[in-house]
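1. Sequence and predicted structure are below.
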Amino acid sequence: MRARKVSRRAELLRLALKTVKLLPVRPGVPIAKVRKRLRYIEPMVPKPPAGTRTTPLDADGVRAVRIDVPEARMDCCILYLHGGGYIVGTEQLFRDFTWRIGKAARASVLYVDYRLAPEHPFPAAVEDASRAYHWLTQRIDPARIALVGESAGGGLALAMAHKLRDEGRPLPGAVAALSPWTDLALTGPSLASNAAHDPILDFERVQEIANHYLAGADARHPYASPLYGAASGLPPILFQVGGDELLRDDSVRMAEKLRAAGGEVEIEVWPRMPHAWHFYARIIPEARVAVDRVGEFLRKHI
């Protein structure tokens, strides 16, 4: 993508994130404690703007929440798969993003509350996402559904696309993978080359999270690590990733593989952006521009 001047706000955000990353943290903090800390943050996440409807749903046994902004077309829907390393994540934590992506794409959003590891390791998340997608296709034309996810959710969205293709089921109209985790075998060169630059992630923590999710399963299974799946026959895909991310090459390598197989692929590597910077839309202009770009891509395809 065209080089962009990095805003001062983004540079200050990077500094703040890196400072927090460098604070002493005890290794192996229990996941229950991490989740408890995140629950304290939930009330601080801003609520959607007035006129947004938020509706809890049961998507064939999978808990879900539908978010409808006033601009949303009811015949288009984003199936949103959250990040959090497959071990954390709640609708409240992501509510400042879900309405934004819905507004940008002019579509409803279905947040999928898939089961989390380590209580429910691989393939529980894929199974829940697949079930929710099937439920949604009974109500909306699959061609008007997009899969969107960030970090682990981005990898899950891509894994879902592989699974649907392999099973001969109707594919969504598009996929947007934001800072996706596509290789749980952790073989990307950027894991080493960006170790000193990523202001959020570190290798040891990523490896620990992968172990929680896999629970002994093959890290190269394509429904866990879509980088290792067959590359043809997938819907149009947009990748967005920060240039300094540990997981940068999870996007770059997968985009190259899909493009070599004839797939319709767009990839944007954003200089100096932190992992999943889209969630800082209230703070940095780059996040707002990135969300708008995702919306433009989705409107084009669904």
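-> Happy to help now that I have it. The model shown is predicted, which means the values in this text are computed figures rather than measured ones.
2. tell me the phi and psi of the closest residue to residue 15 other than its chain neighbours?
-> Take residue 15 and drop its neighbours on the chain: the residue closest to it by Cβ to Cβ, 6 or more residues apart in numbering is residue 199, 7.8 Å away. Just so you know, the C-beta spots here come from the backbone N, C-alpha and C atoms, and that holds for glycine as well. The phi/psi pair for residue 199 (degrees, to the nearest 10) reads phi -80, psi 0.
3. And for residue 56?
-> Here is the backbone geometry of residue 56 (degrees, to the nearest 10): phi -70, psi 140.
4. Let's see the pLDDT reported for it.
-> Here the pLDDT value assigned to residue 56 is 98.
5. beta partners for it?
-> residue 65 (DSSP bridges).
6. my read: it touches residue 63, true?
-> Yes. Taking contacts as Cβ atoms under 8 Å, residue 56 lies within contact range of residue 63: 7.4 Å.
7. Who has more neighbours out of those two?
-> Neighbour totals were compared for residue 56 and residue 63, and residue 63 leads with 16 against 11 (other Cβ atoms under 10 Å).
8. quick one: contacts for the closest residue to residue 225 other than its chain neighbours?
-> Counting by Cβ to Cβ, 6+ apart, residue 184 is the residue found nearest to residue 225 once chain neighbours are left out, at 4.6 Å. Contacts for residue 184 were tallied using Cβ atoms under 8 Å, 6 or more residues apart in numbering; they are 155, 210, 213-214, 219, 224-225.
9. Most neighbours among the residues you listed, please name it.
-> That'd be residue 155 among these, by other Cβ under 10 Å, with 31 neighbours.
10. which element is it on?
-> Using DSSP states H and E, residue 155 sits within helix 152-166.
11. Show me what that helix is packed up against.
-> Applying 3 or more Cβ pairs under 8 Å, 6 or more residues apart in numbering; DSSP states H and E, one finds that helix 152-166 contacts strand 73-81, helix 124-137, strand 145-150, strand 174-178.
12. Make JSON lines from the contacts of residue 184 and add pLDDT and secondary structure to it.
-> Shown next, in JSON lines, are these (pLDDT from 0 to 100; DSSP: H, G, I helix; E, B strand; the rest coil):
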{"residue": "155", "pLDDT": "98", "secondary structure": "helix"}
{"residue": "210", "pLDDT": "97", "secondary structure": "helix"}
{"residue": "213", "pLDDT": "98", "secondary structure": "helix"}
{"residue": "214", "pLDDT": "98", "secondary structure": "helix"}
{"residue": "219", "pLDDT": "98", "secondary structure": "coil"}
{"residue": "224", "pLDDT": "98", "secondary structure": "coil"}
{"residue": "225", "pLDDT": "98", "secondary structure": "coil"}
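13. Present those residues as TSV; the columns should include distance to residue 90.
-> Below are the contacts of residue 184 laid out as TSV (distance: Cβ to Cβ, whole Å):
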residue	distance to residue 90
155	19
210	21
213	17
214	23
219	26
224	23
225	25
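14. Where does pLDDT dip in the stretch 1-150 of the chain?
-> For the stretch 1-150 of the chain, residues meeting the criterion pLDDT under 70 lie at 1-4, 22-27.
15. tell me, which helix in this protein spans the most residues?
-> Among the segments of the chain that qualify as a helix by DSSP state H, the longest is helix 285-301.
16. Just the buried residues of that helix, please?
-> Within helix 285-301, the residues that count as buried by 16 or more other Cβ atoms under 10 Å are 286-288, 290-295, 297-299, 301.
17. next one: stretch 109-125
-> For stretch 109-125, the neighbour count (16+ other Cβ under 10 Å) marks 109-114, 116-117, 120-125 as buried.
18. can you redo those as TSV with distance to residue 161 and secondary structure?
-> Below are the buried residues of stretch 109-125 laid out as TSV (distance: Cβ to Cβ, whole Å; DSSP: H, G, I helix; E, B strand; the rest coil):
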residue	distance to residue 161	secondary structure
109	18	strand
110	16	strand
111	18	strand
112	15	strand
113	20	coil
114	16	coil
116	21	coil
117	21	coil
120	21	coil
121	21	coil
122	17	coil
123	15	coil
124	18	helix
125	14	helix
